[in-house]
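1. please work out how this folds:
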Amino acid sequence: MAKLDGQIERVVFYNEENGFCVLRVKVRGHKELVTVTGTAPSINSGEWMTADGEWSMDPRHGQQFKAEQMRMSKPDTLAGIEKYLASGLIKGIGKEYAARLVKAFGRDVFDVIENSSGKLLKVEGIGALRKGRIKQAWDEQKSVRQIMAFLFSHGVSTTRAFRIHKVYGEKAIELVQRDPYCLARDIRGIGFLIADQIAMRLGIAKDSDLRARAGLEFVLGELTSNGHCAYVRNDLLSRTGELLDINLEIIERALDHSLQHERLIQRTDHSGRDLIYLPKLYLAEIAFAKKIQTLGKGKHPCPPVDFDKALAWVQKKTGIELAAAQRAALKTAVQSKVMVITGGPGVGKTTLVNSVLMVLTAKKMRVALCAPTGRAAKRMAETTGMEAKTIHRLLQYNPHKGGFVHNAENPLECDVLIVDESSMIDIVLASQLADAIPLHAAFIIVGDADQLPSVGPGRVLQDVIHSNTIPVAHLNEVFRQAASSRIITNAHRINQGQMPEFPEDHETSDCYFVEVDDPEKAVKLVGKLIKESIPKKFHFNAMEEIQILTPMQKGDLGARNLNQTLQQLLNPRGEEVERFGYVFRVGDKVMQTENDYDKEVFNGDMGRIAKIDSELSELTVDFEDRKVVYDFRELDELVLSYAITIHKSQGSEYPCVIIPLHTQHYVLLQRSLIYTALTRAKKLVIVLGTKKALSLAVTRAESRERTTTLAERLKEYA
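-> Numbering: from 1, shown residues only. Modelled structure (predicted):
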């Protein structure tokens, strides 16, 4: 093999998923820079590279060196050191500070940063804050690069190295060597298969008990991410056997071990099924059911109300005559400690909640309002004229203690708690919210039970209703004003299994269908609608007021492809950074994809990229109410959000919604999905695709069943 060594002048391309890179290298004896291709865990300009490989002639790019192996070391020339420091590797050092540091310390600069960082204060412009930042970034990158090299040596992508360091710190490699499956448990984005690959390389046997236990927990974890709170024992064993390809006896032994050590819990349900739970879900169901039933047994905090007088007063003040179901619900709200208000769009849930609030506040009740997402809370505040918070903000996360400030020991200060969009709430969050309600308070749960269930495990709203242990106000009369909207009438038609009705040609409406068979043509049409047709005809702002809601992530009409298409159409130029397969540009619409309690941003929060700072390797997102800063290495928490999945749109409303529906989406097409999508729109909906796909969605009523035992528990503690 030929050998080549030289200084990396420029990183032309680097794929973070597999480490493939194209480099321009300054090599002794070569006038021009040499193009080198190969793979490496991490690359920075200025580094010294030694490579084994062979020369080849690329028809387009000329002579190249294809490296089989590459080894990197810190540069020792002043020019190389400066380039290396300015490469973005260390936060707080850009081109300007790199030059100042090299001028001040020469070849000793690395030693100064690592061992005598106090000397950095002698450099003009470096104060205590920047010095601390440089030292911290230096130590961090050193540790991250060690993790990258370790992962890379075991054939694994290095993209999650920063995340691994964030979770495990200095002990990362030691912990992973001891139990590589901890990666699948603790690190988002690293699944069981990657952890398994490392385990195999480390010599862990295919039929080892460690692998079987990890496989069981992984499979059950995957099932809970599909909404289950538990799973039938034998089915769990079979699924794990398929994944691991080992004898079922080993998996049974592993399950018994996990049950014995309470890593998993087994209980028999009322129909005799042996169910296996993750402990936190088992405990969450019990805690929620107990608290709800305990709350329901107490005396309502509201002083006695002369109901007929109160009703007349509310109707006179609002100028709205309440329907019979609303009147009955209002009466329940001032008498029952716990109740549910449910119904579809246009049936007067908002009017009822406002009427309840009028009576309660007139009686000097302290009322707290909350909803699962920022958008839902904002809408609740707009419709009630009172402050409404997200559940997370209401409970106040404490990052130091790793839990919420408000809980059973420190309950919320309120007499009544009203939660909206409750169909979105998973069992863990529901349990945490219930835990924080003071025992004297009343609890009103508002939501549309026909919408998609929560993204997380459970189906809390449906289970509470089906338990028949809590008073439920079902509102189903569509009011005259709402009935004039095709969005609302079609939502109710879909709910009843009937095809929606769309306007004839030249008829104006707020709900249209555009037939387009070919997915590629459909993508182009989506772009044209957003960029030209809708702004021109309906005067909606393309960036601010139009949202695409699609059934899935993948495919031509999936969120990922639509986002890239729309980014090119709506925001083609500007300062940008590429990470994790996405280009992020100032002005882009983005969405948070996980709960980040330290930053106080939560799964589904949407914002706009306000700033990209290459020197600090930071990107700032404006989330309407505040600005949040991300390190470039944390950008796997964000995705573009010109198009989002229908699941992610729950609890939000948009002036205009475009819904691509195609048989490409076959596996996900179901009634609750299209119903949820349609009801996200305030003023205009355009369904775009094939009638066949729409018909499939409308006729498939079975929302994939979830194994939960909350209804059973509610009956048990009633």
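2. only C-alpha atoms from now on, for both contacts and neighbour counts.
-> OK.
3. let me see the ranges of the strands in the stretch 401-550 of the chain.
-> Ranges of strands in the stretch 401-550 of the chain, per DSSP state E, counting those that start in this stretch, are 403-404, 416-419, 442-447, 472-475, 511-515, 546-550.
4. paired strands for the fifth one, with orientation please.
-> Pairing partners of strand 511-515, with direction, according to DSSP bridges: strand 681-689 (parallel).
5. and the angle from the strand it pairs with to strand 546-550?
-> Per axes from the mean of the first three to the mean of the last three Cα atoms, to 10 degrees, the angle that strand 681-689 makes with strand 546-550 is 50 degrees.
6. adjust the sequence numbering to begin at 35 for everything that follows.
-> OK, 35 is where the count begins now, so the last one is strand 715-723.
7. hmm, who's touching strand 715-723?
-> Strand 715-723 is contacted by residues 521, 544-551, 556, 687-696, 712 when judged by Cα atoms under 8 Å, 6 or more residues apart in numbering.
8. send me that strand as CSV with only the CA atoms.
-> The C-alpha trace of strand 715-723 is given here as CSV (Å, rounded to 0.1, in the frame of the first residue of the first chain):
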residue,chain,number,x,y,z
ALA,A,715,-57.3,24.1,10.4
LYS,A,716,-59.0,27.3,11.4
LYS,A,717,-59.9,28.8,8.1
LEU,A,718,-58.9,26.6,5.1
VAL,A,719,-58.1,23.0,4.4
ILE,A,720,-56.8,21.5,1.1
VAL,A,721,-56.6,17.7,0.9
LEU,A,722,-54.4,16.8,-2.0
GLY,A,723,-53.9,13.3,-3.4
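9. before we move on, back to that, list only buried entries from the contacts of strand 715-723.
-> 521, 544-547, 550-551, 556, 687-696, 712 (16 or more other Cα atoms under 10 Å).
10. now do the buried residues in the helix or strand hosting L403.
-> Using DSSP states H and E, L403 sits within strand 401-405. The neighbour-count check on strand 401-405 (16+ other Cα under 10 Å) flags 401-405 as buried.
11. for that strand, packing partners?
-> helix 383-396, helix 408-418, strand 422-424, helix 425-429, strand 450-453 (3 or more Cα pairs under 8 Å, 6 or more residues apart in numbering; DSSP states H and E).
12. shouldn't K397 be in contact with D340?
-> No: using Cα atoms under 8 Å, K397 is not in contact with D340; the gap is 11.5 Å.
13. looking at these two, which is more packed in?
-> Taking other Cα atoms under 10 Å, K397 and D340 do not tie; K397 has more neighbours (14 against 9).
14. give me the low-pLDDT residue ranges for the stretch 435-584 of the chain?
-> 514-516 (pLDDT under 70).
15. now the helices for it?
-> Applying DSSP state H, counting those that start in this stretch to the stretch 435-584 of the chain gives helices spanning 461-469, 494-500, 514-517, 520-529, 553-562, 568-572.
16. determine how far the first one lies from the middle of the whole chain.
-> It stands for helix 461-469. Relative to its parent chain, helix 461-469 has a centroid offset of 19 Å by Cα atoms, centre = their mean, to the nearest Å.
17. again with the fifth one
-> Taking Cα atoms, centre = their mean, the mean C-alpha location of helix 553-562 is offset from the chain mean by 26 Å.
18. export stretch 291-310 to PDB, keeping only CA atoms.
-> Written as PDB, here are the backbone C-alpha positions of stretch 291-310 (Å, rounded to 0.1, in the frame of the first residue of the first chain):
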ATOM      1  CA  HIS A 291     -34.400 -12.400  36.200                       C
ATOM      2  CA  SER A 292     -35.700  -8.900  35.100                       C
ATOM      3  CA  LEU A 293     -39.000  -9.600  37.100                       C
ATOM      4  CA  GLN A 294     -37.100 -10.700  40.100                       C
ATOM      5  CA  HIS A 295     -34.900  -7.600  40.100                       C
ATOM      6  CA  GLU A 296     -38.000  -5.400  39.400                       C
ATOM      7  CA  ARG A 297     -36.600  -4.100  36.100                       C
ATOM      8  CA  LEU A 298     -40.000  -5.300  34.700                       C
ATOM      9  CA  ILE A 299     -43.300  -6.100  36.400                       C
ATOM     10  CA  GLN A 300     -45.800  -8.800  35.600                       C
ATOM     11  CA  ARG A 301     -49.500  -8.700  36.500                       C
ATOM     12  CA  THR A 302     -52.600 -10.600  35.400                       C
ATOM     13  CA  ASP A 303     -55.400  -8.500  34.100                       C
ATOM     14  CA  HIS A 304     -59.200  -9.100  34.500                       C
ATOM     15  CA  SER A 305     -59.400 -11.300  31.400                       C
ATOM     16  CA  GLY A 306     -56.600 -13.500  32.700                       C
ATOM     17  CA  ARG A 307     -53.700 -12.200  30.500                       C
ATOM     18  CA  ASP A 308     -50.200 -12.100  31.900                       C
ATOM     19  CA  LEU A 309     -49.000  -8.600  31.100                       C
ATOM     20  CA  ILE A 310     -45.500  -7.300  31.400                       C
END
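19. distance between it and the chain's centre?
-> Counting by Cα atoms, centre = their mean, stretch 291-310 comes out at 29 Å from the chain centroid.
20. tell me which residues in it are buried?
-> Neighbour-count burial for stretch 291-310 [16+ other Cα under 10 Å]: 292-293, 298-300, 309-310.
21. one more: stretch 644-651?
-> Those buried within stretch 644-651 under the rule 16+ other Cα under 10 Å are 644-646, 648-651.
22. from the chain's centroid, how far away is it?
-> 23 Å.
23. contacting residues around that stretch?
-> For stretch 644-651, using Cα under 8 Å, 6+ apart, the contacting residues are 122, 124-128, 609-611, 619-621, 652-656, 665-666.
24. now the buried members of those.
-> Neighbour-count burial (16+ other Cα under 10 Å) is assigned, among the contacts of stretch 644-651, to 122, 124-128, 610-611, 619-621, 652-656, 666.
25. strands - which of those land there?
-> Judged by DSSP state E, the subset of the buried ones among the contacts of stretch 644-651 located in strands is 610-611, 619, 652-656.
26. and of the helices of the stretch 435-584 of the chain, who's closest to D454?
-> Evaluated over the helices of the stretch 435-584 of the chain, closeness to D454 peaks at helix 494-500, with 10.8 Å, by Cα to Cα.
27. gap between that closest one and the chain center?
-> For helix 494-500, the distance to the chain centre is 24 Å (Cα atoms, centre = their mean).
28. alpha carbons of it, as CSV, please.
-> The C-alpha trace of helix 494-500 is given here as CSV (Å, rounded to 0.1, in the frame of the first residue of the first chain):
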residue,chain,number,x,y,z
VAL,A,494,-55.8,8.4,29.1
LEU,A,495,-58.8,10.4,27.9
GLN,A,496,-60.5,7.4,26.3
ASP,A,497,-59.7,5.1,29.3
VAL,A,498,-61.2,7.6,31.8
ILE,A,499,-64.4,7.9,29.7
HIS,A,500,-64.6,4.1,29.1
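29. tell me which residues of it are tucked away?
-> In helix 494-500, counting by 16+ other Cα under 10 Å, buried: 494-499.
30. what's the answer for stretch 357-370, then?
-> Of all the residues in stretch 357-370, those buried under the rule 16+ other Cα under 10 Å are 359-361, 363-370.
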